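Colleague: Here is a sequence together with a model predicted from it:
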Amino acid sequence: MIDTPSLESTLAAYRSAFEPTWSDEDRLEQMRFCVLDCETTGLDPKRHRIVSIGAVAVSEGQIDLSDRLEVLLRVRFNTAATLVHGITRSETQHALDESEALSALLRYLGDGVIVGHHISHDLAMIDAALARYGTDRLRNRHLDTGQLTLALIEEGAFGPEPGLEDLSLDGLCRFFGIVPHDRHTAPGDAFLTALILLRLLRVAARSGRATLAGLLRPPKPHAHDEGS
């Protein structure tokens, strides 16, 4: 059972975690990355809700299975999305309510750098949930593995012909030789994304992106774009 103090008390500790926090010059091996995935009842943050959260940390260049989070939330109504992830109203009667889940998530995150595949959706869902309790948005810096892959491709980090056209989670798993076990569950997708992150971090470090600022910077402009 997850110990879930009130969201209000958790917020104070969460905010203090950023005083101080990571600097742009910190090396990637020093970072704590929180690889995150949410399963939701749909894609609209205003109407839909989070039903499960899975997260696992990557630190010192390794996945730390002792530093992970799995949270199941009560489902108020079933949607077509529940057929994909299999989490239904009847199965979540004894799960956490939204405020308890948010409290557990904030305690887990601290000032870790959030990582996810198409992470903007997850962040929007979490921020919308926080807004329902009158609280501020997530303060964590974040990284999208799809966008990082695209930036590395554009800079030639994978070679002149990487053969990487499918930037979906399944496409990246195929490219890196990762067996996509436990897909379409929050913990499973978070773990797969963490495996992808490890490979991307190695490529990024070899390509001059060995610091937090380097990792998060946008791709370099092409030569024909510089004068436009």
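Modeller: Received it, and whenever you're ready, just let me know what you need.
Colleague: For His118, grab the count of nearby residues.
Modeller: Residues lying near His118 (other C-beta atoms under 10 Å) number 15. (Each C-beta comes from the backbone N, C-alpha and C, glycine too.)
Colleague: same question, Glu19
Modeller: 7.
Colleague: pLDDT at it, what is it?
Modeller: Listed pLDDT for Glu19 reads 93.
Colleague: what's the answer for the one 10 residues further on, then?
Modeller: According to the per-residue confidence, Glu29 scores 94 in pLDDT.
Colleague: ok, it touching Val58?
Modeller: No. In this structure, Glu29 is not within contact of Val58 by C-beta atoms under 8 Å, at 10.2 Å.
Colleague: Pick out whichever of those two has more residues nearby.
Modeller: Shown here are Glu29 and Val58; by other C-beta under 10 Å, Val58 has more neighbours (24 against 12).
Colleague: so where's this protein shaky on pLDDT?
Modeller: 1-5, 76-94, 220-228 (pLDDT under 70).
Colleague: which residue packs closest to Val71, ignoring adjacent ones?
Modeller: Nearest residue to Val71, sequence neighbours excluded (C-beta to C-beta, 6 or more residues apart in numbering): Ile53, at 4.4 Å.
Colleague: Tally up the residues packed near that neighbour, please.
Modeller: Neighbours of Ile53 using other C-beta under 10 Å come to 27.
Colleague: Okay, buried residues for the host helix or strand of Ala213 please.
Modeller: Ala213 is located in helix 212-216, with elements delineated by DSSP states H and E. For helix 212-216, the neighbour count (16 or more other C-beta atoms under 10 Å) marks Leu212, Gly214, Leu215, Leu216 as buried.
Colleague: for stretch 117-137, same thing?
Modeller: For stretch 117-137, the buried set under the neighbour-count rule, 16+ other C-beta under 10 Å, comprises His117, Ile119, Asp122, Leu123, Ala124, Met125, Ile126, Ala128, Ala129, Leu130, Thr135.
Colleague: Dump the buried residues of helix 212-216 into CSV; add distance to Leu200 as well.
Modeller: Conversion of the buried residues of helix 212-216 to CSV gives the following (distance: C-beta to C-beta, whole Å):
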residue, distance to Leu200
Leu212, 14
Gly214, 13
Leu215, 9
Leu216, 13
